[in-house]
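Trainee: 3D model of this:
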Amino acid sequence: MITGIVNRDFEPIISLSLYGIDGKIYTKDAIIDTGFNGWLSLPPDLIAQLNLRWKRRGRALLGDGSECVFNVYEAVLVWDGEVLTIPVDEADSEPLVGMSLMDGYQLVVQVVPGGLVELSKVTPI
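Mentor: Predicted coordinates for the structure are as follows:
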C-alpha cells in the first residue's frame, strides 16, 4: 500500500522514490492528478538532476482544448515496493502522478487538510 496526505490546498500528495543515472535514489513529493491519464510528469530541473534518458516527443490535449508538445523521458522508480521503468512527461509544474501509474489500484482520499491518501492494489476477481 502507498500512503500520503492531503495538503492545505486539498492536493493528495504521495512521496516517490526515483533513481538517478548515478544510481542514487531521490525522494520527491508528487500530486495525484486523476485528470492526467499519463504515468508521471516531472519538471525540467528534476529531469536534469536525475539525468533521465530522452525517448521521444509527445502530444496532449489539455483541459482548455489547447494542444501541447512535450519531451518524454524514461525513469526508474520504486512503486509499492516494485522497481518500474516508466515514461515521464516533461511539464512546467509540480510532479504529477497520473492514472496510468495507478492502474490496478484503488485510490481513497480523505478530502480535508491532513487527510489520509491511500493507494492499494486491487485483487483481480
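
Trainee: Please identify the buried residues of stretch 69-89?
Mentor: Residues of stretch 69-89 classed as buried: Asn71, Val72, Tyr73, Ala75, Val76, Leu77, Trp79, Ile86, Pro87, Val88, Asp89 (neighbour count, 16 or more other CB atoms under 10 Å). Where C-beta positions appear, they are placed from N, C-alpha and C, glycine not excepted.

Trainee: Need those residues in CSV (columns: secondary structure, distance to Val6 and pLDDT).
Mentor: Shown next, in CSV, are those (DSSP: H, G, I helix; E, B strand; the rest coil; distance: CB to CB, whole Å; pLDDT from 0 to 100):
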residue, secondary structure, distance to Val6, pLDDT
Asn71, strand, 30, 97
Val72, strand, 29, 97
Tyr73, strand, 28, 97
Ala75, strand, 25, 96
Val76, strand, 28, 97
Leu77, strand, 22, 96
Trp79, strand, 20, 97
Ile86, strand, 24, 97
Pro87, strand, 27, 97
Val88, strand, 24, 97
Asp89, strand, 24, 97
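
Trainee: Show me which pair in the residues you listed is furthest apart.
Mentor: Spanning the widest gap among the buried residues of stretch 69-89 are Asn71 and Trp79, at 21.8 Å by CB to CB.

Trainee: Confirm Asp45 sits in a strand?
Mentor: No - counting by DSSP: H, G, I helix; E, B strand; the rest coil, Asp45 is not found in a strand; it is helix.

Trainee: Relative to Ile2, how far out is it?
Mentor: Asp45 is 25 Å from Ile2, where distance means CB to CB, to the nearest Å.

Trainee: Pick out whichever of the two has more residues nearby.
Mentor: More crowded of Asp45 and Ile2, by other CB atoms under 10 Å: Ile2, with 19 against 9.

Trainee: what is the more buried one paired to in the beta sheet?
Mentor: Following DSSP bridges, Ile2 is listed with bridge partners Leu119.
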